[in-house]
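Colleague: build the 3D model from these lines:
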Amino acid sequence: MLDALLDVLYPRRCVGCGRGSWPFCERCLARVRPLEPPWCARCGSPRTGARARCLDCPPPPIGLVRSAFLLAGPVRTAVHRLKFAGWRPVALALGAAAAEAWAASGVRPDVVTWVSLSRRRRAERGFDQAEALARVVARRLEVPVRPLLARHGGDALTQARRDRAGRLAAMAGRFAGRGAVGGAVLLVDDVLTTGATAAACAQALLRAGADRVDVLTAARSLRLAEPAPGILRAGPAPGSVVARGAAPR
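Modeller: Next comes the predicted model:
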């Protein structure tokens, strides 16, 4: 019932250009840049090829990190549509792709949660884009989803011009666990940049009792030029949920 209502309010058009077929039209699909091996085994960055760790790895105590796409082209536009225009079908498309990227890791979480917005930001937007993605991911992975984090203070937008060290300092103490947390937690967000926000969330979750915290995002911000042969291929992998154009569950 809810999905049918959302289809009326937010027709399922291409999440990149807003005109072609859903989730990505043929033209936008050719410009989508998925993150794929060879990559850093820990953080999934393809910039240095196959490594156990790399300079792109986010700070501890984050465990494994995976992202579905490079934040560029149609994917960047789609993320902006979700965050600032409230276009809900984007969460279905990007959430399904993120879940597929995580499933390939072979690591099964006990619970899925998300990087929560501040109350002010959520009130401004009317919803939390990370929560929308997390609920799609949890449904696809068949794992419970719970609101495990409370946020205090400002939002990530105030950090746009800070480097990693500045972001880490600014995010210290901004999150707290909501009640007792246990097991392996998969933390979901829309974009990973320096990992400072995710690290602050991971610290809060571990203090609340989590055994480990891994991170999954729809997109990753990396300074990449044109993809090197064999490192990053344009277009989705054959058979992927984005390539198939299948409707995510």
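Colleague: any idea which helix or strand in the chain has the lowest mean pLDDT?
Modeller: Least confident helix or strand of the chain, by mean pLDDT, DSSP states H and E, is helix 2-9 with a mean of 53.
Colleague: helix or strand right after it?
Modeller: Using DSSP states H and E, the helix or strand that follows helix 2-9 in sequence is helix 26-29.
Colleague: now that following helix: how far from the chain's centre is it?
Modeller: 21 Å (C-alpha atoms, centre = their mean, to the nearest Å).
Colleague: likewise for stretch 20-31?
Modeller: 20 Å.
Colleague: buried set for it?
Modeller: Buried residues in stretch 20-31, counted by 16 or more other C-beta atoms under 10 Å: G20, W22, P23, F24, C25, C28, L29. In short, each C-beta sits where N, CA and C put it, glycine included.
Colleague: just the CA trace of it, in CSV.
Modeller: What follows is stretch 20-31, C-alpha atoms only, in CSV (Å, rounded to 0.1, in the frame of the first residue of the first chain):
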residue,chain,number,x,y,z
GLY,A,20,14.2,8.0,-18.5
SER,A,21,13.5,4.5,-17.2
TRP,A,22,14.0,3.5,-13.5
PRO,A,23,16.4,3.1,-11.8
PHE,A,24,18.9,4.5,-14.3
CYS,A,25,18.1,5.2,-18.0
GLU,A,26,20.5,3.8,-20.6
ARG,A,27,22.3,7.1,-21.0
CYS,A,28,22.9,7.6,-17.2
LEU,A,29,23.7,3.9,-16.7
ALA,A,30,26.7,4.3,-19.0
ARG,A,31,28.0,7.0,-16.7
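Colleague: in space, not sequence, find me the middle residue of the chain.
Modeller: T217 (1.7 Å; C-alpha atoms, centre = their mean).
Colleague: could you grab the helix/strand/coil label for it?
Modeller: Under DSSP: H, G, I helix; E, B strand; the rest coil, T217 falls in the strand class.
Colleague: for it, give me its contacts.
Modeller: By C-beta atoms under 8 Å, 6 or more residues apart in numbering, the contact set of T217 is R66, S67, A68, A98, V188, D189, D190, V191, L192.
Colleague: all helices for this protein, in order.
Modeller: 2-9, 26-29, 73-85, 89-103, 119-125, 129-141, 164-171, 196-207, 241-244 (DSSP state H).
Colleague: for the third one, give me every contacting residue.
Modeller: Think helix 73-85. Under the criterion C-beta under 8 Å, 6+ apart, residues 14-18, 24, 28-29, 31-33, 69, 71, 87-88, 90-91, 93-94, 125, 129, 132, 190-191, 218-219 lie in contact with helix 73-85.
Colleague: give the ChimeraX command for selecting the buried subset of these.
Modeller: Of the contacts of helix 73-85, the buried ones go into a single ChimeraX selection, burial set by 16+ other C-beta under 10 Å:
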select :14,15,16,24,28,29,32,33,69,71,87,88,90,91,93,94,129,132,190,191,218,219
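Colleague: and for the residue nearest to T113 when sequence neighbours are not counted, the neighbour number?
Modeller: Of all residues not flanking T113 in the chain, L148 sits nearest, at 4.1 Å (C-beta to C-beta, 6 or more residues apart in numbering). Look at L148: counted by other C-beta atoms under 10 Å, it has 25 neighbours.
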